[in-house]
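Undergrad: Here's a sequence, model it:
(one chain, ligands or ions: 1)
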Amino acid sequence: MDIDYEKLMNEAKEAVKNSYSPFSRFAVGAGALASSGKIYRGCNVENSSFGLTICAERNAIFKAVSEGERELLAIAIYSPNTDSCYPCGACRQVMYEFQTDDYEIDVITENSEILEVKKLSYFLPNGFRI
Ligand code: THU
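TA: Sure thing, here's the model as predicted:
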């Protein structure tokens, strides 16, 4: 499948508008492309009990999986608060869980309005799987 990275990044930019981040004031949005072709948006959702916060990436991925998706092709991540918002370690491992055997997930970030596309193994070599 030809992946429209720009479109996926635009979904992440839409998603960040719903970020609930009053504690960190660090807003994040994500767009996850599943093998069905559907894109799922996610934003970070914080909580007064800080440890309950969910990242934008995992929110998008869990939305996809709970709608029946099992294979991810790409995920775009955007924050207006930093250049190149890279995924945290927990989100990298969750992405890995839904990577297929024949296609490595593309991770898209933006730096000074230029898209960066890297494979998941750049961020997470030797991911864990049972
Ligand atoms: N955050 C994400 O949404 N994704 C990441 O990959 C890194 C961190 C959120 C969690 C928290 O709401 C805020 O950014 C600051 O850590």
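
Undergrad: dump the residue contacts of Glu104.
TA: Applying Cβ atoms under 8 Å, 6 or more residues apart in numbering, we find Glu104 in contact with Lys119, Leu120, Ser121. C-beta coordinates here come from the backbone N, C-alpha and C atoms, glycine included.

Undergrad: one more time with 6 Å
TA: Residues in contact with Glu104 (Cβ atoms under 6 Å, 6 or more residues apart in numbering) are Lys119, Leu120.

Undergrad: For it, give me the pLDDT.
TA: As predicted, Glu104 sits at a pLDDT of 97.

Undergrad: Report the spatially closest residue to the residue nearest the centre of the chain, excluding sequence-adjacent ones.
TA: For the chain, the residue sitting closest to the mean C-alpha position, by Cα atoms, centre = their mean, is Glu57 at 3.3 Å. Closest residue to Glu57 apart from its sequence neighbours, by Cβ to Cβ, 6 or more residues apart in numbering: Cys91 at 4.0 Å.

Undergrad: picking up where we left off before, would you say the residue nearest to the centre of the chain is within a strand?
TA: No. The assignment for Glu57, made by DSSP: H, G, I helix; E, B strand; the rest coil, is helix rather than a strand.
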